[in-house]
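# what's the 3D shape of this:
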Amino acid sequence: MARLFGTDGVRGVANEELTPLLAMQIGQAGAYVLTTASMERQTSGEEKRKPTIMVGCDTRISGDMLANALMAGACSVGADCIYLGVLPTPAAAYLTRKHKVDAGVVISASHNPMEFNGIKFFDGNGYKLPDELEDRIESIIRDDMREIEFPTGSGVGRIVYDTEAREEYIGHAIDTVPVNLNGMKIVVDCAEGASHYTSVEALKRLGGNVIAIHNHPDGCNINLGCGSTHMEELQKKVVEEKAAVGLAFDGDADRLLAVDENGRMVDGDQIMAIVGNYIKDHGKLKKDIIVATVMSNLGFFLMGKEKGIAIEQTKVGDRYVLERMKEIGASLGGEQSGHIIFLEESTTGDGLLSALHLLQVMAETGRSLSELAQVMEVLPQALVNAKAANDKKEKYMEYPEIAAAIGELEAKFAGEGRVLIRSSGTEPLVRVMIEGKDQEIIRREAEKLAELIQRVLQ
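Numbers count the residues shown, from 1 in each chain. Here you go, the predicted model:
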């Protein structure tokens with residue numbers, strides 16, 4: 001049986017793969033595992049308290065269904081729940097840490113289509129769980145909860161509601177990066193998701209002239225032709241409005257991509273390069289290191305060499321970026337896709353904080369985003385997704401025709417580019433990425449390989 005947890009929690013089609021029953025079981029096992037340690041830390045003479053879990057969600061129609069099922073499960077093992085309603089993933093992590101509760105949960109499938117949903121946990125310090133804790137939760141579920149004792153009477157947990165907690169997150173973001181945005185016209189694409197209120201409010205309170213698009217979620221339109229995975233409308237709108245910048249969030253607002261005043265996209269690598277060099281010049285880039293992934297553009301690594309910034313590489317996934325940042329004491333890291341972590345300010349990728357840091361560089365240097373983006377050259381890169389069955393996507397190299405095709409491409413681009421193939425941790429996909437000198441050639445080769453992988457692994 002496939003592992004329940006992927007690179008970003010449990011994810012699947014809501015009510016088909018991720019059912020209310022499974023959500024309840026995850027709530028039971030997760031609450032039991034994550035609160036046992038804090039309960040054990042209580043001294044024998046101390047009055048026993050119930051553990052507390054904060055729960056938030058994005059705007060998907062299935063969010064309330066799964067959140068309530070999960071909270072029912074948590075209450076059944078004696079945990080209290082605080083339901084935060086719709087708010088960004090980084091807000092849930094921040095509030096979990098701020099209020100010193102035992103754990104946090106977000107019901108979200110991030111940038112995925114609306115029919116998907118997911119469940120991701122944070123520990124009491126606001127960090128995503130390591131593999132061993134996820135494995136522990138999964139083993140309890142597979143063992144039919146045999147080790148859990150279910151309380152009765154007053155031992156059952158209760159749910160309270162605090163949908164105004166998002167205001168605390170907005171205040172935190174503004175206090176952390178108090179940039180003056182007076183007179184700056186900003187177009188914001190909220191992806192019909194969790195940032196539809198928090199990002200717009202924060203930017204307005206800092207003085208920005210904000211034009212918001214895709215900020216009317218109806219439960220079914222999240223990420224639909226908008227947000228950080230569909231930038232075309234934002235690019236057009238920035239040019240039409242003669243705005244200084246466009247900001248694109250994903251469904252749960254833990255990632256950010258930008259658009260310059262000319263309508264050109266500025267990705268996560270470029271944002272990290274811009275902000276990293278700025279804070280380095282101000283003596284605030286710890287150890288002069290940025291942590292990135294193997295998917296980062298080759299131009300990002302060349303920028304690091306030129307600017308005296310060491311670029312550490314990890315495998316894809318913001319959790320692996322975070323782990324490496326903690327290991328080496330780095331303060332900045334992230335992914336090309338827009339997950340950017342400012343570890344001294346947040347325990348996870350935070351689209352709003354990333355936006356404020358980028359806007360701060362623009363405001364305080366007086367330079368346009370297109371000018372700032374020239375800090376690195378983006379080398380031609382083609383990324384094509386191949387659909388693959390979930391039980392086959394990790395085993396693509398076991399198929400001789402795929403392995404042979406990959407080998408031929410690696411030989412072809414040796415010394416003039418690179419070929420990177422990886423399975424998605426959150427979707428039934430294998431991602432094909434090729435870098436090289438000629439955009440047309442690498443696009444054609446990437447599509448050809450993706451077609452082969454899809455044909456073999458469907």
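# Name the next helix or strand downstream of whichever helix or strand Ser354 is part of, please.
Assessed by DSSP states H and E, Ser354 sits inside helix 351-365. Using DSSP H and E, the next helix or strand after helix 351-365 towards the C-terminus is helix 369-372.
# Name the residues of that next one that are buried.
Within helix 369-372, the residues that count as buried by 16 or more other CB atoms under 10 Å are Leu369, Leu372. To be clear about C-beta, it is placed using only N, CA and C from the backbone, and glycine gets the same treatment.
# how about the next helix or strand after it: buried residues?
Proceeding N to C from helix 369-372, the next assigned helix or strand is strand 381-387, under DSSP H and E. For strand 381-387, the neighbour count (16+ other CB under 10 Å) marks Gln381, Ala382, Leu383, Val384, Asn385, Ala386 as buried.
# same deal with stretch 304-316?
Buried, per 16+ other CB under 10 Å, within stretch 304-316: Gly304, Lys307, Ile309, Ile311, Glu312, Thr314, Val316.
# repeat for stretch 125-137
Buried-residue list, stretch 125-137, by 16+ other CB under 10 Å: Gly126, Tyr127, Lys128, Leu129, Leu133, Glu134, Arg136, Ile137.
# roughly how far is the helix holding Ser354 from the heart of the chain?
Counting by CA atoms, centre = their mean, to the nearest Å, helix 351-365 is centred 19 Å from the centre of its parent chain.
# so where's the protein uncertain?
Of all residues in the chain, those with pLDDT under 70 make up the ranges 1-2, 37-48.
# redo that, cut-off 80
Under the criterion pLDDT under 80, the flagged ranges of the chain are 1-3, 7, 35-49, 415-416, 425-426.
# CA atoms only: put the top helix by length along it into PDB for me.
Ranked by residue count under DSSP state H, the longest helix found in the chain is helix 20-40. Presented in PDB, the C-alpha positions along helix 20-40 are these (Å, rounded to 0.1, in the frame of the first residue of the first chain):
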ATOM      1  CA  PRO A  20     -14.400  12.300   5.700                       C
ATOM      2  CA  LEU A  21     -13.700   8.900   7.300                       C
ATOM      3  CA  LEU A  22     -10.000   9.200   6.500                       C
ATOM      4  CA  ALA A  23     -10.000  12.800   7.700                       C
ATOM      5  CA  MET A  24     -11.500  11.700  11.000                       C
ATOM      6  CA  GLN A  25      -9.000   8.900  11.400                       C
ATOM      7  CA  ILE A  26      -6.100  11.300  10.600                       C
ATOM      8  CA  GLY A  27      -7.600  13.700  13.200                       C
ATOM      9  CA  GLN A  28      -7.700  10.900  15.800                       C
ATOM     10  CA  ALA A  29      -4.200   9.500  15.100                       C
ATOM     11  CA  GLY A  30      -2.700  13.000  14.600                       C
ATOM     12  CA  ALA A  31      -4.100  14.400  17.700                       C
ATOM     13  CA  TYR A  32      -3.000  11.400  19.700                       C
ATOM     14  CA  VAL A  33       0.600  11.500  18.400                       C
ATOM     15  CA  LEU A  34       1.100  15.300  18.500                       C
ATOM     16  CA  THR A  35      -0.400  15.800  21.900                       C
ATOM     17  CA  THR A  36       1.000  12.800  23.800                       C
ATOM     18  CA  ALA A  37       4.400  14.400  24.300                       C
ATOM     19  CA  SER A  38       3.000  17.700  25.600                       C
ATOM     20  CA  MET A  39       0.700  15.800  28.000                       C
ATOM     21  CA  GLU A  40       3.600  13.700  29.200                       C
END
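# how about the helices in this structure?
20-40, 63-76, 89-98, 131-142, 166-176, 195-205, 232-241, 268-281, 298-307, 318-328, 351-365, 369-372, 400-413, 439-457.
# contacting residues for Asn209?
Gly183, Met184, Lys185, Ile186 (CB atoms under 8 Å, 6 or more residues apart in numbering).
# just to revisit the earlier point, with distance to Leu457 added, can I get the buried residues of stretch 304-316 in CSV?
Formatted as CSV, the buried residues of stretch 304-316 follow (distance: CB to CB, whole Å):
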residue, distance to Leu457
Gly304, 35
Lys307, 41
Ile309, 38
Ile311, 32
Glu312, 32
Thr314, 25
Val316, 19
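# Now intersect those residues with the strands, please.
Using DSSP state E, the members of those that fall within strands are Ile311, Glu312, Thr314.
# Is Phe342 in contact with Leu332, as I believe?
Yes. Phe342 lies in contact with Leu332 (CB atoms under 8 Å); the separation is 6.3 Å.
# of those two, who's got more company?
The residue with more neighbours, out of Phe342 and Leu332, is Leu332; 25 against 22, by other CB atoms under 10 Å.
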